[in-house]
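1. Could you look at this predicted model? Sequence included:
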Amino acid sequence: MAYATTNPYTGETLKTFPDATDSDVALALERGDTAFKQWKNTSIAARVAVLQNAANLLRAKHTEYAKLLTLEMGKLLSEAEAEVELSAAIFEYYVENAEQQLVPEKLPSKDPAVTEAWLVHEPLGIILAIEPWNFPYYQIARILAPQLSAGNVIVLKHASNVPQCADAFEKLMLEAGLPVGGFKNLYASRHQLETIINDSRVHGVALTGSEGAGAVVAAQAGRALKKSTMELGGADAFIVLEDADLDKAAKWAVFGRHWNAGQVCCSSKRIIVVEAIYDAFLERFIAGVAALKAGDPLDSATALAPLSSQAAANDVRRQVDEAAAHGATVTVIGAEVPSQGAFVRPVMLSGLTKDNPAYYWEFFGPVSLIFKAKDEAEAIEIANDSPFGLGGSVFTQNIDRGRKVAEQISTGMVYINHPTAVKADLPFGGVRRSGYGRELIGLGLKEFVNHKLIGVTDIDGNF
């Protein structure tokens, strides 16, 4: 897998890491199973105390943790610090809510023979987490916090370009008081993942990543009869209706498409503007993108970071070229970018037709797809004409109208007057090729538990 730290701004490879051996994998599973047998019998209060310790440690060294994010995947330092805080907030959400969410539920029964019925939520064992590079800490936190709260333990296979972030989080949890084996980072190879999935001590797989990776891992989990959750790609629609506040809509469109250098599954990738205000909106949007300054992600004046790698930048350029070859109009709307670093100058694609394959693609970089809709109904139609279904946005000054439009958009999340957001106390997930299952809040907490019925009866003879 070639696990290595390569600075996306300088292009310098700073450190490499060997792949896990088969013995490393075996030891991780053995220690994970041992830790689970202890952790499942640990009180919820004691479990979440470890999460609070982890949150405190993240905040105590927030700049140190943030700089590691910037070093390995290139995000702006301000965005990296926000990710550290978000990860801490996710831990604290479960500190405050997990015990109540895991309380056994008393169920009503009309059968007079059933005197009591309870639904209890019991942990399963080891959960394999396969995570991507675009939010190295947040992606870990949103699976780790709920599953540790539930009593499960985690084995992590992180992206190969953020090995130090993965290692830092394992050390963080040990320092916070988690037993050895409760969370193990493995520099695993692809063939080792299937070995892990097939192990009887592993009871589920949570993956965030590409459609291709999701399809492979979901198939492997299915063959092993293991539950999986998949958070995959997205091409979020950003609808601007004729009664929107255009200054606000344009500002959020610039942010929603370009934060994290556009490398966000729930980024505002398809901007759909009603014809009546199309030109006025576009003028504001283009001016906002042109004002973004690309440069050193550690510099507070930088607003546009490099992509995670030169290979990622090349992939985005290739997609743009192919979209143009099929008839799309490519307009450069960003300022010049440095020659050093994995930068892509922001562009806008317009004139996309359904026979252009790019109409249905996800662009993981600063590329904005712009659509003109004649009215609200056509805007909704364009929004839903996608293989993805992760998030979306509706901009209007009439909130009731916004809710009605949101109800007609087929995605896992829709925000009114804001790009799709990432919050510690709100669920995350999508439909169709954006995946299945939910992470965060109580939904994420209960994805990998045994919902066990305990029934009490008072009857002689046949039931």
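-> Sure thing, it's come through. Given the structure is predicted, the values throughout are model-derived calculations rather than measurements.

2. ok, and for the lengthiest helix in the chain, which residues are buried?
-> Identified as the longest helix of the chain according to DSSP state H is helix 77-101. Neighbour-count burial for helix 77-101 flags 77, 79-95, 97-98, 101 (criterion: 16 or more other Cβ atoms under 10 Å). Glycine gets a C-beta too; all of them are placed from N, C-alpha and C.

3. Check stretch 267-281 too.
-> 267-274, 277-278, 281.

4. Report all helices and strands that the next helix or strand after the longest helix of the chain contacts.
-> Next in sequence after helix 77-101, counting helices and strands by DSSP states H and E, comes strand 105-106. Packing partners of strand 105-106 (3 or more Cβ pairs under 8 Å, 6 or more residues apart in numbering; DSSP states H and E): strand 114-123.

5. Report the buried residues of the strand it packs on.
-> In strand 114-123, counting by 16+ other Cβ under 10 Å, buried: 114, 117, 121, 123.

6. Skip the chain neighbours and tell me the closest residue to the third one.
-> Spelled out, that is residue 121. Closest residue in space to residue 121, ignoring its immediate chain neighbours: residue 449 at 4.5 Å, by Cβ to Cβ, 6 or more residues apart in numbering.

7. and the gap between the one you found and residue 237?
-> 34 Å (Cβ to Cβ, to the nearest Å).

8. Among the two, which residue is more densely surrounded?
-> More crowded of residue 449 and residue 237, by other Cβ atoms under 10 Å: residue 237, with 29 against 20.

9. Let's verify the closest residue in space to the more buried one that isn't next to it in sequence: helix, strand, or coil?
-> Spatial nearest neighbour of residue 237, chain neighbours left out: residue 383 (3.6 Å); criterion: Cβ to Cβ, 6+ apart. Secondary structure, DSSP: H, G, I helix; E, B strand; the rest coil: residue 383 is helix.

10. Please name the residues that touch residue 383.
-> Taking Cβ atoms under 8 Å, 6 or more residues apart in numbering, we find residue 383 in contact with 237, 239, 270, 272, 392, 409.

11. what about this structure, any weak spots by pLDDT?
-> Along the chain, the parts satisfying pLDDT under 70 run over 1, 460-463.

12. The spatially closest residue to residue 158 that is not a sequence neighbour is in what secondary structure piece?
-> Spatial nearest neighbour of residue 158, chain neighbours left out: residue 166 (3.8 Å); criterion: Cβ to Cβ, 6+ apart. Taking DSSP H and E as the definition, one finds residue 166 inside helix 163-176.

13. between that helix and helix 77-101, how many degrees?
-> If you take axes from the mean of the first three to the mean of the last three Cα atoms, to 10 degrees, helix 163-176 sits at 40 degrees to helix 77-101.

14. what's the spacing between helix 163-176 and its chain's center?
-> Centroid separation between helix 163-176 and its chain, computed with Cα atoms, centre = their mean, to the nearest Å, is 19 Å.

15. what's that helix packed up against?
-> Against helix 163-176 (3+ Cβ pairs under 8 Å, 6+ apart) you get strand 3-6, strand 13-17, helix 44-60, helix 62-73, helix 138-150, strand 153-157, strand 183-185.

16. tell me the angle it makes with helix 44-60.
-> Using the same axes, to 10 degrees: helix 163-176 against helix 44-60 is 130 degrees.

17. which residues sit against helix 163-176?
-> Taking contacts as Cβ under 8 Å, 6+ apart, the residues outside helix 163-176 that touch it are 3-5, 15, 17, 50-51, 53-54, 57-58, 65, 68-69, 71-73, 136-137, 140, 144, 156, 158, 180, 182-185, 187.

18. Equivalent analysis for stretch 427-444, please.
-> Counting by Cβ under 8 Å, 6+ apart, 90, 93, 97, 101, 142-143, 146, 206, 211, 214, 228-234, 265, 387-391, 410-413, 422, 424-426, 447 sit against stretch 427-444.

19. Output that stretch as CSV - backbone C-alpha positions only.
-> The C-alpha trace of stretch 427-444 is given here as CSV (Å, rounded to 0.1, in the frame of the first residue of the first chain):
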residue,chain,number,x,y,z
PRO,A,427,-26.7,12.3,11.6
PHE,A,428,-24.6,11.7,8.4
GLY,A,429,-25.3,9.4,5.5
GLY,A,430,-26.9,9.0,2.1
VAL,A,431,-28.8,6.8,-0.3
ARG,A,432,-28.3,5.1,-3.7
ARG,A,433,-24.6,5.2,-4.7
SER,A,434,-23.8,7.4,-1.8
GLY,A,435,-24.1,4.4,0.4
TYR,A,436,-26.2,3.1,3.3
GLY,A,437,-26.3,3.3,7.0
ARG,A,438,-25.9,6.3,9.3
GLU,A,439,-23.1,7.6,11.4
LEU,A,440,-23.3,9.9,14.5
ILE,A,441,-26.1,10.4,17.1
GLY,A,442,-28.1,7.4,18.2
LEU,A,443,-28.4,6.0,14.7
GLY,A,444,-24.7,5.6,14.5
